[in-house]
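Undergrad: my questions are about this predicted structure, shown below with the sequence.
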Amino acid sequence: MPPGVRGALVQRVSALPEGPLDVSWLPAGTPELPLGRLRLHWEPASRAGWDVTAHLGLATTEVLLASWPAAPDDWPRLVRPTIHEVTGLCAALAVASVALDLSNRLAEV
């Protein structure tokens with residue numbers, strides 16, 4: 001990971017099993033993640049491979065979503081299914097929240 005970064009913000013996750021993870025670097029001074037956004041962080045493991053963590057932005061905080069200690073060099077293939085599922089879940093929850101909010105506003109009319 002380049003110096004001065006906090007991690008990589010997941011921009012897009014391919015639905016294909018071997019598809020890519022599109023990310024952008026997060027500078028070290030970046031505040032907590034926005035709701036539903038994912039950050040990956042990786043560093044060399046003590047013996048071999050990579051220690052990889054994923055954090056999820058919630059409404060008021062950021063939480064550890066998953067960790068993969070000593071993941072192999074092809075760790076993006078390992079983490080992609082989890083990241084894909086969580087990204088889809090967050091999108092579905094966002095749509096449901098908007099629909100509920102709209103329903104509540106229509107009920108007041």
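TA: Happy to help now that I have it.
Undergrad: just give me the neighbour total for Ala8.
TA: By the criterion of other C-beta atoms under 10 Å, Ala8 has 19 neighbours. For glycine as for every other residue, the C-beta is placed from the backbone atoms N, C-alpha and C.
Undergrad: the helices in the chain, which residues?
TA: 75-108 (DSSP state H).
Undergrad: low-confidence ranges, it, go.
TA: Along the chain, no part satisfies pLDDT under 70.
Undergrad: centroid residue for it?
TA: Geometric centre of the chain, nearest residue: Leu38, 1.9 Å, by C-alpha atoms, centre = their mean.
Undergrad: the closest residue to it other than its chain neighbours pairs with what?
TA: Closest residue to Leu38 apart from its sequence neighbours, by C-beta to C-beta, 6 or more residues apart in numbering: Val10 at 4.2 Å. For Val10, the beta-bridge partners are Val23 (DSSP bridges).
Undergrad: how far away is Val10 from Arg105?
TA: Applying C-beta to C-beta, to the nearest Å, the value for Val10 to Arg105 is 32 Å.
Undergrad: higher neighbour count, those two?
TA: The residue with more neighbours, out of Val10 and Arg105, is Val10; 21 against 9, by other C-beta under 10 Å.
Undergrad: for that one, what are its contacts?
TA: Counting by C-beta atoms under 8 Å, 6 or more residues apart in numbering, Val10 makes contact with 21-23, 37-40, 83, 87.
Undergrad: thinking again about what came up before, verify the stated contact: the residue nearest to the centre of the chain with Thr87.
TA: Yes - contact criterion C-beta atoms under 8 Å: Leu38 and Thr87 qualify, at 6.6 Å.
Undergrad: and which of the contacts of Val10 is nearest Leu64?
TA: Leu64 lies nearest to Arg39 out of the contacts of Val10, by C-beta to C-beta, at 10.3 Å.
Undergrad: what's the neighbour count on that closest one?
TA: Quick note: Arg39 (other C-beta under 10 Å) scores 21 neighbours.
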